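# Need coordinates for the following:
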Amino acid sequence: MSADVELSVKKTPQLLDLFIQFLIVGAVSFGGGIIAYERILLVEKRKWLSADEFMAYLAISQTMPGLNSVNLAVLAGDHFRGFLGALIASLGLILPGSIFVLLIGIIYVGAADHPLMNFVLAGIAAAATGLLAAITYKIGSDHWRHLKSLLIIISTFLLMSVMKLSLPYVILIMAPISLYLYRPSVKQ
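Take a look at the predicted model:
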């Protein structure tokens with residue numbers, strides 16, 4: 001079998017494999033970092049997409065209404081297996097979180113007054129925050145080495161966490177600064 005044929009066969013997952021892989025992503029990424037886990041699945045683990053293809057799909061998914069991670073699953077599933085692939089990938093992605101939230105909701109209704117419930121919820125929030133921080137660090141690892149990027153990251157953190165500004169105000173402040181700092185240079 002030639003390399004081109006082998007590559008095209010490798011890039012076309014079966015529907016069951018597509019469902020199971022997105023189901024795993026949905027299960028392990030509950031609470032944050034779904035995009036990073038989708039990248040690990042699609043680019044690093046299964047090599048179904050190149051890094052450039054993934055970034056292109058991510059850019060498209062960010063322009064569509066809805067959750068970026070679900071939009072990305074729909075785009076990837078459609079790319080691999082058409083409409084049915086899009087449906088299977090998105091169902092696989094959202095099913096674990098939906099079942100988990102439903103079960104937690106049922107438990108919470110039954111035990112809302114129990115003092116242990118607040119500790120459990122605080123633990124879940126702390127775990128989700130840690131997971132999101134770790135994934136953010138991994139995705140943006142190149143930016144931690146540049147002074148401009150660090151200044152933007154620290155400033156954004158301070159505006160939101162210390163000054164308690166809402167996201168729209170932080171964007172209004174930081175977007176022009178970031179655009180100025182990363183403007184294209186004109187070489188003569």
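
# drop to CA atoms for contacts and neighbour counts, all remaining ones
OK.

# From the centroid of the chain, which residue is nearest?
Centroid-nearest residue in the chain: I35, 2.1 Å away (criterion: CA atoms, centre = their mean).

# ok, that residue touching L67?
No - counting by CA atoms under 8 Å, I35 sits too far from L67 to count as a contact (10.1 Å).

# next SSE after the helix or strand where L84 lies?
Using DSSP states H and E, L84 maps to helix 68-111. Going down the chain from helix 68-111, the next helix or strand is helix 115-139, by DSSP H and E.

# Run through this structure and note the low-pLDDT ranges.
1-11, 30-32, 188 (pLDDT under 70).

# In terms of secondary structure, what does the helix holding L84 contact?
Applying 3 or more CA pairs under 8 Å, 6 or more residues apart in numbering; DSSP states H and E, one finds that helix 68-111 makes contact with helix 15-28, helix 34-39, helix 51-63.

# With distance to L172 added, can I get these in TSV?
TSV is the format used below for those (distance: least, CA to CA, whole Å):
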stretch	distance to L172
helix 15-28	32
helix 34-39	25
helix 51-63	19
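
# Distance check, I124 against I34.
16 Å (CA to CA, to the nearest Å).

# Kind regards, and thank you for your time.
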